[in-house]
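[1] Attaching a predicted model along with its sequence, questions to come.
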Amino acid sequence: LITKIFFRVIDRFSNNTFEEKIRRKFLNLHSQNYKIIDNKYYFIHIPKTGGTTFHHHLQKNLKNTLFNFNHPYTYNYYTHYPLKENHQFNKNNKYFTIIRDPIYRVYSCYIDSLRNKKHVFHNVARRGIKNFCEKSWEAQNLYTKYYSGDLFNVDLVSFNKAKNNLSNFFYILNFENLNNDIIKLSSLLNFEYSQFETKNIKKYDPPSENDLNIIKKYNQFDIRLYNLLKK
C-alpha cells in the first residue's frame, strides 16, 4: 500500500523504478534465499515465457514432489525464482524451464507494462521502449541473470555460468513449440497433459525494426544463450 501511494507517485515524476525495487526487496520477489532439497522438481520460471499455466500443470501432476519456493506460502503466491549463486545441482533433482526468443519476451513485458497502469514498470514504459529497457532490470539479459544466479552483474563470466548451469537441466521447453514440448515432457514423467487454452492470450502489434534494435542492444547475452539452446 505504501509503495502504491508514495513510491509510484515518485516514479511517475522521476522516471525511476523505486516501487519495483522496494517491493522486490521487502516481499522477497526474485529471491535466491531458498534451500535445495533432494528428490524435488524445480521449475525456474522466467517472466513472460508462458510459464504460469505450465506451473499449474506441474502442481497438479507432481504434487508434493514439485519444490515450493514460497514455503510456507501456497504455490500460487509467486513463481519467479532464479537459480542461487553457485547453485549446487545433484542427480536426484530435476530442473525445468521455458525459454522464449528474448526479443519478444522483452517486447511482451513492455506492452504489458504499458497497458497496465498498475504495473510497477508502467511509468518507465510510457516514456518509450528505450527508456523501458534502460530502467527495467527485467528487460536486460534476464535469462543470463536467472540461470547464472548473478542477478546484477551480467558479463561473459555470468553468461558461461548460465550456459553451464543449463546443461544440468532435465528439460528445456521452447515457447514457440510449447504444447508439443509439454506433451513430450509429460510422456517422460508419465502423466497426462491437456493442451493449453489459447483463447485468452493477449494480442499486440509486432515490434518495429527500431524496437527490435533497441531490445537487442540490452539483451546481447540472452540472444547468444537462446541461439545456443535452439541448436
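    The structure has been received and is ready for your questions.
[2] can you pull out the helices in the protein?
    2, 8-14, 18-26, 51-62, 102-115, 122-125, 129-135, 142-148, 156-166, 178-189, 209-217, 220-230 (DSSP state H).
[3] which stretch among the ones you listed comes nearest Asp38?
    Across the helices of the chain, the minimum distance to Asp38, taken as Cβ to Cβ, is reached by helix 51-62, at 15.0 Å. To be clear about C-beta, it is placed using only N, CA and C from the backbone, and glycine gets the same treatment.
[4] what sits up against the closest one?
    41, 43, 45, 66, 75, 79, 96, 98, 173, 178, 182, 186, 189, 191-193, 196-197 (Cβ atoms under 8 Å, 6 or more residues apart in numbering).
[5] show me what contacts the closest residue to Asp150 other than its chain neighbours?
    For Asp150, ignoring the flanking residues on the chain, the nearest one in space by Cβ to Cβ, 6 or more residues apart in numbering is Ser158 at 4.0 Å. Neighbour list for Ser158: 144-145, 148, 150, 221 [criterion: Cβ under 8 Å, 6+ apart].
[6] got a pLDDT number for Ser158?
    Listed pLDDT for Ser158 reads 97.
[7] Can you give me the distance of it to Leu228?
    15 Å (Cβ to Cβ, to the nearest Å).
[8] Compute the number of surrounding residues for the nearest residue to Asp181 once chain neighbours are set aside.
    Spatial nearest neighbour of Asp181, excluding adjacent residues (Cβ to Cβ, 6+ apart): Leu173 at 4.0 Å. Using other Cβ atoms under 10 Å, Leu173 has 23 other residues around it.
[9] returning to that earlier point: with distance to Lys35 added, can I get the helices of the chain in TSV?
    Output for these, formatted as TSV (distance: least, Cβ to Cβ, whole Å):
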stretch	distance to Lys35
helix 2	30
helix 8-14	34
helix 18-26	20
helix 51-62	18
helix 102-115	29
helix 122-125	34
helix 129-135	33
helix 142-148	18
helix 156-166	18
helix 178-189	23
helix 209-217	35
helix 220-230	27
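[10] Can you check which of the ones you listed gets nearest to Glu85?
    Closest to Glu85 of the helices of the chain, according to Cβ to Cβ: helix 142-148, at 8.3 Å.
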